[in-house]
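Colleague: A structural model of the following input is requested.
(one chain, ligands or ions: 1)
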Amino acid sequence: MKGLFLTFEGTEGSGKSTQVTILAEKLKTLGYIVRTIREPGGTPIGEEIRHTLKHSNANHGMMSETELLLMNASRAQLVREIIRPALAAGEIVISDRFYDSTVAYQGYGRGLDREFIRELVSFAVGDTRPDLTLLLLVPVAVSEARRLARQPMLFKIPATPEEKTLPTPLPLRDRMEEADRSFFERVEEGYKAIGSSEPKRIKVIEATSSVESISQTVWAAVMPKLAGLEK
Ligand code: TMP
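Modeller: Below is the predicted model of the structure:
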């Protein structure tokens with residue numbers, strides 16, 4: 001049995017996570033077995049790596065090379081622990097981000113060597129590649145406004161003695177979101193280049209319209225891929 005591997009890509013605030021949820025619910029209603037995952041993360045080891053990358057108090061000095069390797073360490077684990085077994089069982093796997101994020105963020109955003117990134121990603125994923133990628137594009141200004149609007153909604157539990165003396169709730173810092181606007185402009189530019197480089201795999205969706213109309217576009221792209229898939 002061979003399942004179906006779908007990935008969603010886009011910058012922060014592109015509405016990916018909402019579309020992952022809508023698509024997963026729709027497929028489940030139709031009787032498919034669906035597994036939703038996210039990157040970095042998705043396994044116990046991967047979630048620890050995610051914490052190190054995003055929220056840990058110790059991550060201020062993280063180098064771009066370290067970031068690249070940790071993203072792919074999380075991915076190597078996720079591919080072997082979750083994705084391959086699920087696909088082998090005929091399930092539909094939907095991932096909120098996969099390796100296109102590495103090309104966009106570490107390649108275009110951080111400026112690391114893209115040829116090396118391709119080799120590293122190949123080492124991490126082997127031949128486990130998405131059947132279809134939904135790439136949600138929004139202008140940088142829209143992404144930035146949505147990112148800033150949701151920041152106060154993320155909180156952490158006080159952990160250190162100093163934090164316990166502070167008024168709660170404490171905002172949850174996200175290292176990835178501390179980058180400047182030019183970084184996110186390069187990421188967006190990267191996503192556009194990725195989208196046009198693999199038109200067969202990647203469906204580019206201009207994601208400024210309503211949630212409903214985006215989900216219809218997503219569905220139109222996913223439906224043909226369901227042919228022959230067992231429930
Ligand atoms: P998110 O789950 O809220 O989208 O956060 C994940 C962050 O990690 C986001 O800023 C994008 C970034 N990221 C990379 O930089 N490279 C990667 O390979 C992946 C999967 C995510």
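Colleague: residues contacting Ser196?
Modeller: Val204 (Cβ atoms under 8 Å, 6 or more residues apart in numbering). C-beta here means a position set from N, CA and C on the backbone, and glycine is covered the same way.
Colleague: buried stuff in the one helix or strand it maps to?
Modeller: Element membership of Ser196, judged by DSSP states H and E, is helix 181-197. For helix 181-197, burial by neighbour count (16 or more other Cβ atoms under 10 Å) applies to Phe183, Phe184, Glu185, Arg186, Val187, Glu188, Gly190, Tyr191, Ile194, Gly195.
Colleague: close to the ligand, is that helix?
Modeller: No. Figure legend: helix 181-197 not in contact with the ligand (Cβ under 6 Å from any ligand atom); closest approach 8.1 Å.
Colleague: rounded mean pLDDT for that helix, please.
Modeller: Throughout helix 181-197, pLDDT has a mean value of 97.
Colleague: gap between that helix and the chain center?
Modeller: A distance of 15 Å separates the centroid of the chain from that of helix 181-197, by Cα atoms, centre = their mean, to the nearest Å.
Colleague: circling back to that earlier point, out of the buried residues of helix 181-197, which comes closest to the ligand?
Modeller: Val187 (8.1 Å; Cβ to the nearest ligand atom).
Colleague: now the closest one: how far from Glu39?
Modeller: Here the distance between Val187 and Glu39 works out to 15 Å (Cβ to Cβ, to the nearest Å).
Colleague: can you check Ala58 too?
Modeller: Here the criterion is Cβ to Cβ. By it, Ala58 lies 21 Å from Glu39.
Colleague: who's more crowded, these two?
Modeller: Set Ala58 next to Glu39 and count neighbours by other Cβ atoms under 10 Å: Glu39 wins out with 21 against 7.
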